[in-house]
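here you go, sequence then predicted model.
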Amino acid sequence: MIVTNPTVAALYLPRLRAALATRYARLLSVELPDGEEHKHWQTLNLIFDALLNNGCDRRTTVYALGGGVVGDIAGFAAASFMRGVPYVQVPTTLLSQVDSSVGGKTAINHPLGKNLIGAFHQPLRVVCDLDVLTSLPDRELRAGLAEVVKYGAIADWTFFEWIESHATALLVRDVDALAHAVQRSCEIKAAVVAQDERESDLRAVLNFGHTFGHAIEAGLGFGNWLHGEAVAAGMVLGAALSVKLGLIDPAVSERLVALLSKLGLPTKVPALGADRYLSLMRLDKKAVSREIRFVVLTGRGEAALRPAPDAVVREVIEMHVA
Ligand SMILES: NC(=O)c1ccc[n+]([C@@H]2O[C@H](COP(=O)([O-])OP(=O)(O)OC[C@H]3O[C@@H](n4cnc5c(N)ncnc54)[C@H](O)[C@@H]3O)[C@@H](O)[C@H]2O)c1
Ligand SMILES: [Zn+2]
């Protein structure tokens, strides 16, 4: 069962079907409505309808062909259909190639917050084909680069500096630059996930920028800002918080802001009001008993999880309103 959406199906479904034709007795596909605003249980149910109406069983393999939205919903469907069937990720956005397809987190959104309903379920395989990135809109490419920058900032300062010096090559989709970005990102993610698959603590560093970012996405309404854009602005706040807490030199934060601006990503947050940000962030999955824990930078290419006083968080938000 290939799960995709109309945008991606028009571009790549025939090719995936052709590639899989000899492997399976039967190939089915289902198209979900396109967009983050559809990443909820009604859309998930379309997959179960398609599986059940076609008599699928535990021997069925699910293929997710699309970006992170398709991958997250299809992965969750695979995790729960008949208590779990195998699935393969075929990510078609830069963001999904460097991040969401790897690591086995699957989820849908709840009106109260991002990715609050989901499961851990590892894909059998992840196939990143760089050729599909040629059809990606520029705005989506830049959103994916936000997650690439994240890996450098939290885990590998040499990689961060490589991104600084290859920013233009990445923006013009130089294939060697993209290949290195995808490979190094997946290596870093896989190494972190291998040490902490179920996110006790260590894996949470992959969420740098996401506590603020998810609040932007939920606060503005899903689909308004792209996930990667919200993460970019969220990382700026995360770095500013790290400076305020005395954990990093302001120069680290300045370089991050400069790199994100060069990549055409937002470095300011929408004016939702600090109270609204705080109440949205208390629903974050990293919060414990409603105490928000933030991923902070503790050095060049180093991160950790820390609580922070509300007053400091407020100040950081207010300093960065667009
Ligand atoms: N599971 C995880 O660990 C994890 C990690 C990061 C992000 N995510 C999730 O991923 C989602 C964001 O993923 P995304 O940025 O890929 O967004 P997306 O899935 O919405 O894709 C972006 C847009 O690009 C289109 N598209 C996809 N491939 C294309 C191609 N090759 N050419 C032209 N258009 C194409 C899509 O149809 C869509 O309109 C968010 O919901 C986020 O929460 C999950
Ligand atoms: Zn992300």
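That came through fine. Numbers count the residues shown, from 1 in each chain. Ligands and ions are numbered 1, 2, ... in the order given.

my guess is residue 65 meets residue 93, correct?
No. Using C-beta atoms under 8 Å, residue 65 makes no contact with residue 93, being 11.3 Å away. Every residue, glycine included, has its C-beta placed from N, CA and C.

okay, buried residues for the lengthiest helix in the chain please.
Counting residues, the longest helix found in the chain (DSSP state H) is helix 175-195. Across helix 175-195, burial judged by 16 or more other C-beta atoms under 10 Å covers 177-178, 180-182, 184-186, 188-189, 192-193.

by contact count, what packs against the helix or strand that it is followed by?
Where DSSP states H and E defines the elements, the next helix or strand beyond helix 175-195 is helix 210-220. Identification of packing neighbours for helix 210-220 by 3 or more C-beta pairs under 8 Å, 6 or more residues apart in numbering; DSSP states H and E yields strand 113-120, helix 227-244, helix 274-281, strand 293-299.

pLDDT score assigned to the closest residue to ligand 1 within the stretch 151-300 of the chain?
Minimum separation of the stretch 151-300 of the chain from ligand 1 (C-beta to the nearest ligand atom) falls at residue 227, amounting to 4.1 Å. Looking at residue 227, its pLDDT is 94.

also the one 5 residues further on?
Predicted confidence (pLDDT) for residue 232: 98.

how far away is it from residue 204?
19 Å (C-beta to C-beta, to the nearest Å).

cool, and residue 273?
Remark: distance between residue 273 and residue 204 (C-beta to C-beta) = 26 Å.

neighbour-wise, which of the two wins?
Neighbour count, other C-beta atoms under 10 Å: between residue 273 and residue 204, residue 204 has more, with 21 against 14.

can you show me the helices along the stretch 1-150 of the chain?
With DSSP state H, counting those that start in this stretch as the criterion, the stretch 1-150 of the chain has helices at 6-20, 41-53, 68-80, 94-95, 138-155.

how about the second one and ligand 1, touching?
Pointing back at helix 41-53 there. No. Helix 41-53 does not reach ligand 1 (C-beta under 6 Å from any ligand atom); its nearest approach is 11.7 Å.

cool, the longest one as well?
Yes. If you take C-beta under 6 Å from any ligand atom as the test, helix 138-155 does meet ligand 1, through 140, 143.

now that helix, how far from the centre of its chain.
Relative to its chain's centre, helix 138-155 lies at 10 Å (C-alpha atoms, centre = their mean, to the nearest Å).

residues of that helix that come out buried?
Here helix 138-155 shows 140-155 as buried, counting by 16+ other C-beta under 10 Å.

please identify which of those is nearest to residue 6.
residue 140 (15.9 Å; C-beta to C-beta).

any idea how far residue 93 is from that closest one?
Shown here: residue 140 relative to residue 93, a distance of 6 Å by C-beta to C-beta.

need the overlap of contacts for the two.
Counting by C-beta atoms under 8 Å, 6 or more residues apart in numbering, the contacts common to residue 140 and residue 93 are residue 67.

who are the contact partners of residue 164?
Residue 164 is in contact with 255, 259, 262, counting by C-beta under 8 Å, 6+ apart.

which among these end up buried?
Buried subset of the contacts of residue 164 (neighbour count, 16+ other C-beta under 10 Å): 255, 259.

ok, the contacts of residue 164 vs residue 76, which is closest?
Lowest distance from residue 76 to those (C-beta to C-beta) belongs to residue 259, with 32.9 Å.

just say helix, strand or coil for that closest one.
helix (DSSP: H, G, I helix; E, B strand; the rest coil).

looking at it, it is touching residue 150, isn't it?
No. The pair residue 259 / residue 150 is not scored as a contact, 11.0 Å apart, by C-beta under 8 Å.

contact residues of the stretch 101-250 of the chain facing ligand 1?
Near ligand 1, when you scan the stretch 101-250 of the chain using C-beta under 6 Å from any ligand atom, you find 103, 105, 114-115, 132, 135-136, 140, 143, 227-228.

most neighbours out of the residues you listed, which is it?
Comparing those by number of neighbours (other C-beta under 10 Å), residue 228 comes first, having 30 neighbours.

how far away is that one from residue 184?
For residue 228 relative to residue 184 (C-beta to C-beta), the value is 17 Å.

same check on residue 313?
Taken as C-beta to C-beta, the span from residue 313 to residue 184 is 31 Å.

what is the neighbour count of residue 41?
Counted with other C-beta under 10 Å, the neighbours of residue 41 add up to 12.

same deal with residue 272?
17.

repeat that for the one 4 residues further on.
Residue crowding around residue 276 was assessed by other C-beta under 10 Å; the count is 14.

again, but for residue 281
By the measure other C-beta under 10 Å, the count of residues near residue 281 is 24.

chain neighbours aside, what residue packs nearest to the residue most central in space within the chain?
Residue closest to the average C-alpha location in the chain (C-alpha atoms, centre = their mean): residue 100, at 4.9 Å. Among residues not flanking residue 100 along the chain, residue 68 sits closest, at 3.6 Å (C-beta to C-beta, 6 or more residues apart in numbering).

contact partners for the one you found?
By C-beta under 8 Å, 6+ apart, the contact list for residue 68 reads 91, 93, 95-96, 99-101, 227.
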